[in-house]
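Q: Below are the sequence and a predicted model; questions follow.
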Amino acid sequence: MEAVEKKRILVIEDEVHIADGIRLNLSIQGYDVKIAIDGIEGLEKWRSWKPDLIILDIMLPMIDGFSILKTIRQEDEKIPVLILSARGDTKDKVKGLRYGVDDYLSKPFDLEEFLLRVERLLKKKTWYEKDKKEKKSGHKIFEGDYYDFGDNHIDFISFKALCAAGEIILTEQEIVLLKLFIANKGKPLSRGMLLTAGWGYSPETSTRTLDNFIVRFRKYFEKNPKNPVYFISRRSVGYIFDHD
Ligand code: CA
């Protein structure tokens with residue numbers, strides 16, 4: 001285990017049981033966590049405590065999450081912000097992206113995925129930097145601005161995709177994995193390779209996270225997610241992305 005510097009995470013969330021659960025789990029991971037239960041307290045603690053990451057709810061008393069985000073971005077363009085919202089609709093995601101949100105997770109969320117996203121945001125790596133790292137480590141990465149397969153269209157500039165599920169906003173992690181799959185079209189990719197290239201983790205990391213992403217890709221891009229034709233499982237190997 002490498003030594004971890006204690007990073008500060010500010011959780012702006014008015015639902016006490018969610019805020020407490022987040023604090024507990026982040027504390028176990030070794031983070032220093034403070035909670036603000038409304039917008040005013042959130043902005044105060046952001047200014048006085050100077051956190052490394054903000055986890056932000058949208059529906060908040062006093063000042064809503066988008067207004068908080070707007071205020072923060074006027075003074076600090078770099079601090080990573082993860083929106084945690086009960087509302088999962090595309091309009092909110094687009095609004096959040098426009099205001100400079102770094103990542104977006106809908107409640108209820110998968111704890112493992114949440115912790116991975118927190119860790120990634122704290123490393124303050126943009127997906128461009130990630131691409132460079134992967135090139136160095138020898139993994140092929142798709143470099144185009146957009147990609148079409150079947151009835152699906154992925155725009156890597158805006159992170160938007162038009163697909164079987166309608167218009168969706170892709171996360172940074174989804175973009176990274178899609179670029180890997182596209183660059184290696186028709187080739188079986190092992191879970192270990194996908195985890196290492198996608199998350200920078202050792203291949204021993206739980207494969208459930210990866211499998212969850214594949215389930216999501218199938219929901220987005222497959223006409224029949226139960227009978228996938230693009231994101232295909234290869235027992236004891238991993239996954240193949242393929243199309244005509
Ligand atoms: Ca709320």
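A: Nice, thanks for sending it over.
Q: from here on, contacts and neighbour counts on C-alpha atoms
A: Noted.
Q: residue boundaries of the strands in this structure?
A: Ranges of strands in the chain, per DSSP state E, are 8-12, 32-36, 53-57, 81-85, 103-106, 146-149, 152-155, 160-163, 166-169, 189-190, 231-234, 238-241.
Q: and the first one, what other elements does it pack with?
A: Under the contact criterion of 3 or more CA pairs under 8 Å, 6 or more residues apart in numbering; DSSP states H and E, the helices and strands touching strand 8-12 comprise helix 16-28, strand 32-36, helix 39-49, strand 53-57.
Q: What are the contacting residues of the second one?
A: Translated: strand 32-36. By CA atoms under 8 Å, 6 or more residues apart in numbering, the residues outside strand 32-36 that reach it are 6-14, 19, 23, 26-27, 42, 45.
Q: still on that earlier bit, so which of the helices and strands packed on strand 8-12 gets nearest the ion?
A: Proximity to the ion (CA to the ion) singles out strand 53-57 among these, at 5.7 Å.
Q: need the residues of the chain near the ion, please.
A: 59-60 (CA under 5 Å from the ion).
Q: In the chain, what helix or strand scores lowest on average pLDDT?
A: helix 127-136 (a mean of 48; mean pLDDT, DSSP states H and E).
Q: so where's this protein shaky on pLDDT?
A: 1-5, 87-90, 124-138, 200-205 (pLDDT under 70).
Q: One more pass at 50, please.
A: Confidence mapping of the chain against pLDDT under 50 gives the ranges 1-2, 4, 125-129.
Q: Phi first, then psi, for whichever residue of it sits closest to the ion.
A: In the chain, the residue that lies nearest the ion is residue 59 (4.1 Å; CA to the ion). Backbone torsions for residue 59, taken as degrees, to the nearest 10, come to phi -80, psi 100.
Q: contacting residues for the residue lying closest to it once chain neighbours are set aside?
A: Closest residue to residue 59 apart from its sequence neighbours, by CA to CA, 6 or more residues apart in numbering: residue 65 at 6.4 Å. Contact analysis of residue 65 by CA under 8 Å, 6+ apart lists 39, 56-59.
Q: coming back round to it: reformat the strands of the chain as JSON lines; add mean neighbour count.
A: Converted to JSON lines, those look like this (neighbours: other CA atoms under 10 Å):
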{"stretch": "strand 8-12", "mean neighbour count": "24"}
{"stretch": "strand 32-36", "mean neighbour count": "19"}
{"stretch": "strand 53-57", "mean neighbour count": "25"}
{"stretch": "strand 81-85", "mean neighbour count": "23"}
{"stretch": "strand 103-106", "mean neighbour count": "20"}
{"stretch": "strand 146-149", "mean neighbour count": "14"}
{"stretch": "strand 152-155", "mean neighbour count": "18"}
{"stretch": "strand 160-163", "mean neighbour count": "19"}
{"stretch": "strand 166-169", "mean neighbour count": "16"}
{"stretch": "strand 189-190", "mean neighbour count": "18"}
{"stretch": "strand 231-234", "mean neighbour count": "16"}
{"stretch": "strand 238-241", "mean neighbour count": "20"}
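Q: JSON lines for those, including distance to residue 219?
A: Output for these, formatted as JSON lines (distance: least, CA to CA, whole Å):
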{"stretch": "strand 8-12", "distance to residue 219": "30"}
{"stretch": "strand 32-36", "distance to residue 219": "34"}
{"stretch": "strand 53-57", "distance to residue 219": "26"}
{"stretch": "strand 81-85", "distance to residue 219": "21"}
{"stretch": "strand 103-106", "distance to residue 219": "16"}
{"stretch": "strand 146-149", "distance to residue 219": "15"}
{"stretch": "strand 152-155", "distance to residue 219": "12"}
{"stretch": "strand 160-163", "distance to residue 219": "9"}
{"stretch": "strand 166-169", "distance to residue 219": "10"}
{"stretch": "strand 189-190", "distance to residue 219": "20"}
{"stretch": "strand 231-234", "distance to residue 219": "10"}
{"stretch": "strand 238-241", "distance to residue 219": "14"}
